[in-house]
Structure formats: structure tokens, C-alpha cells
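> Quick one: sequence plus predicted model below, questions after.
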Amino acid sequence: MAMIILQVVGYQNSGKTTLIEKCVKELTKQGYKVGTLKHHGHGGKPALPKEKDSTRHWEAGAVVSAVEGDGTLLLTATAKNGWNLSELIELYRHFAIDLLLIEGFKHSPYPKIVCLRDESDVYLLQLPNVVASISWMPLKQGNSFFIQEENKYMQWIMNYVKGKSMFAIVKEPIDVSRVIQAVVDRNAGAIVTFIGTVRELTNGKKNAVFRI
């Protein structure tokens, strides 16, 4: 399936990181491969582990420095003019994940959930492509959830992701088990799968165009 992108935006202490943590746990439990990306919005470079070999490589001038062990890769990369979100997203595509959760980059055009602390943050609902909001005060706008309605907004997020993953055109071989896992529901008593092939000929003539 194509990689789904969902942003979580809002000001400091609005609950962004907590929400992403909950989403990662629940989506992973449901069989999704999840990646996360956080914008360091407090100025300066992200802190690196001190006195580690990979950090020493980077401090010596390496543009890219990484350390790998037991299947885990820690990567540090520097871009002269900074990284834009499109470049970072392309990097994540190499990891064959189902979903990328992005914390921050609020002015980017991807679907986003807005976390609101108080009424002074409500203007954030005017950001591009807002699909839902979670606030510390009750709102009556679209898919708005009160912070204490955790079951409701988590179920909405799970349904949103599942809906986005129902259809995709992919180049790699289809992993049937992952497709089945994407539609598993506790309310469903059975799952029916159909595996078909694209025929080369129709009435003896070679197919040149396919429409969905």
C-alpha cells in the first residue's frame, strides 16, 4: 500500500507527542508499520548523544554519520540549506512503512490533526488540510474532539487510517497477509479475499489501457 501521511500540529504542551505515542502503539498493535518525524521547533540543532563514535564522526565534519547494531540504525545527516519536508518524506519511503506520522511542520499541505490548548489557538483550524482537532475545551466544528474523549478520537483516527489504506497502486509484490491485517475488525466475523490477475488479452486483442 502507498505510504499514508498524517500530521499532528499545535503549540507546545498541546498534547502532540502524547497523541502520536498513543497512535503508534495502537496502529502497531493493528499490524501497521509506522514511522514518525518530529520538527525541532525550538531553534538550533537536535541534541546528539555525547562522546559517541558516530557523533564524533559528525563533529569532525561528516555530512552523514550513522551507527548500526542488531537491526537498529541511528542516522545523522546535515543539509547545507536545511531539510524541507518533501525531502524527508522521500527518505522515509525507503523504509517501506505504511504510515508516517509527522509532528509539526504545520504550514505543510498534508492532512493534519490540530491540537488546541485554548481559544487563542482556534485560528489553527484555518491551516491547510485540517481533518480533525483535539482540544482542551469543547468545540462544535467538524471532527472536533474534547481531550477527555480519548476513545472517540482514537477510534476516529483508526478509521481514518484504515480508510486511507483500503486502496493503493503499488509497484512491489503484494503482501496478502498485510492486506488482510489492514481490514481486520473485531466486529467482523470473517474476511473474504479475492486475488486476481490482469489479463493480457480481451476477446483476442492485446490490452493497452486499464481503467479503475
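Okay, I see it. Residues are numbered from 1 along each chain as shown.
> Surely residue 157 is in a strand?
No - Residue 157: not assigned to a strand; according to DSSP: H, G, I helix; E, B strand; the rest coil it is helix.
> Quick check: it vs residue 81, distance?
Residue 157 is 34 Å from residue 81, where distance means C-beta to C-beta, to the nearest Å. Bear in mind the C-beta positions are built from the backbone N, C-alpha and C, glycine included.
> higher neighbour count, the two?
Set residue 157 next to residue 81 and count neighbours by other C-beta atoms under 10 Å: residue 157 wins out with 24 against 5.
> my guess is residue 16 meets residue 101, correct?
No - assessed by C-beta atoms under 8 Å, residue 16 is found out of contact with residue 101, at 10.0 Å.
> Find residues that contact each of the two.
residue 8 (C-beta atoms under 8 Å, 6 or more residues apart in numbering).
> out of these two, which sits in the more crowded spot?
Neighbours were counted for residue 16 and for residue 101 using other C-beta under 10 Å; residue 101 has more, 25 against 22.
> Tell me which helix or strand that one sits in.
strand 99-103 (DSSP states H and E).
> helices or strands next to the next helix or strand after that strand in the packing?
Next along the chain after strand 99-103, taking DSSP H and E as the criterion, comes strand 112-116. Packing contacts for strand 112-116, counted by 3 or more C-beta pairs under 8 Å, 6 or more residues apart in numbering; DSSP states H and E, involve strand 4-10, helix 16-29, strand 130-135.
> Nearest to residue 180, out of those?
For the helices and strands packed on strand 112-116, distance to residue 180 was read as C-beta to C-beta. The smallest value, 15.6 Å, belongs to helix 16-29.
> Output the contacting helices and strands for the next helix or strand along the chain from that closest one.
Proceeding N to C from helix 16-29, the next assigned helix or strand is strand 34-38, under DSSP H and E. When contacts are defined as 3+ C-beta pairs under 8 Å, 6+ apart, strand 34-38 sits against helix 16-29, helix 85-93, strand 99-103.
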